[in-house]
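Trainee: Next one to model:
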Amino acid sequence: MDYLKASSLFRSEVVDSQLTAIRFIYSQLLLGHLPSEDFIHVLIEQGLSCEKSTLVRELSFRCIHQLYTFKVVHWPEVRAAVVTEMGTVESTGCLSAALAVLAALPDSLLVSFVGAKDR
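Mentor: Model (predicted):
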């Protein structure tokens with residue numbers, strides 16, 4: 001599989017296809033291979049806000065956490081998803097994965113997040 005195929009699977013909105021794509025991307029992240037910008041966008045837009053499956057959301061947060069060990073991208077969008085997850089907890093696994101993203105942030109972003117009044 002490649003990133004183009006993974007993006008296509010993820011866009012299908014079929015939970016099993018999304019899980020296949022996320023698992024592929026996560027395995028690539030563990031090897032140090034960053035996903036395409038297109039896949040990052042799809043992951044944030046569809047994965048972090050997936051209402052069909054908390055597992056898709058959880059694994060999407062885990063992918064973002066792993067990505068953030070390399071570089072922080074699209075923080076405002078990811079931040080909004082973390083805040084939403086904190087306010088509407090549906091599963092402990094998903095909340096845990098969302099909070100783990102915070103651990104990968106540089107200190108300046110973490111301090112800004114904790115000090116924000118709109119959390």
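Trainee: just for the chain, where's the confidence low?
Mentor: 116-119 (pLDDT under 70).
Trainee: And the helices in it, which stretches?
Mentor: 3-11, 15-30, 37-42, 54-68, 75-87, 92-103, 107-115 (DSSP state H).
Trainee: Just name the most buried of these.
Mentor: The highest average neighbour count among the helices of the chain, using mean count of other CB atoms under 10 Å, belongs to helix 54-68 at a mean of 23. Backbone N, C-alpha and C define where each C-beta goes, glycine included.
Trainee: Just give me the neighbour total for the closest residue in space to Glu77 that isn't next to it in sequence.
Mentor: What sits nearest to Glu77 in space, not counting adjacent residues and going by CB to CB, 6 or more residues apart in numbering, is Ile44, at 5.1 Å. For Ile44, the count of nearby residues is 19 (other CB atoms under 10 Å).
Trainee: residues contacting Ile44?
Mentor: 60, 64, 74, 77-78, 81 (CB atoms under 8 Å, 6 or more residues apart in numbering).
Trainee: which among those residues gets closest to Lys5?
Mentor: The closest of these to Lys5 turns out to be Ser60 (CB to CB; 17.5 Å).
Trainee: Leu67 touches Gly32, doesn't it?
Mentor: No - in this structure Leu67 lies outside contact range of Gly32 using CB atoms under 8 Å: 11.0 Å.
Trainee: which ones are touching Trp75?
Mentor: Trp75 sits next to 105, 109 when contact means CB under 8 Å, 6+ apart.
Trainee: and what of Glu13?
Mentor: Residues near Glu13 by CB under 8 Å, 6+ apart: 46, 52.
Trainee: Check the one 10 residues further on too.
Mentor: Arg23 is in contact with Leu59, counting by CB under 8 Å, 6+ apart.
Trainee: repeat that with 10 Å
Mentor: Counting by CB atoms under 10 Å, 6 or more residues apart in numbering, Arg23 touches 1, 6, 59, 63.
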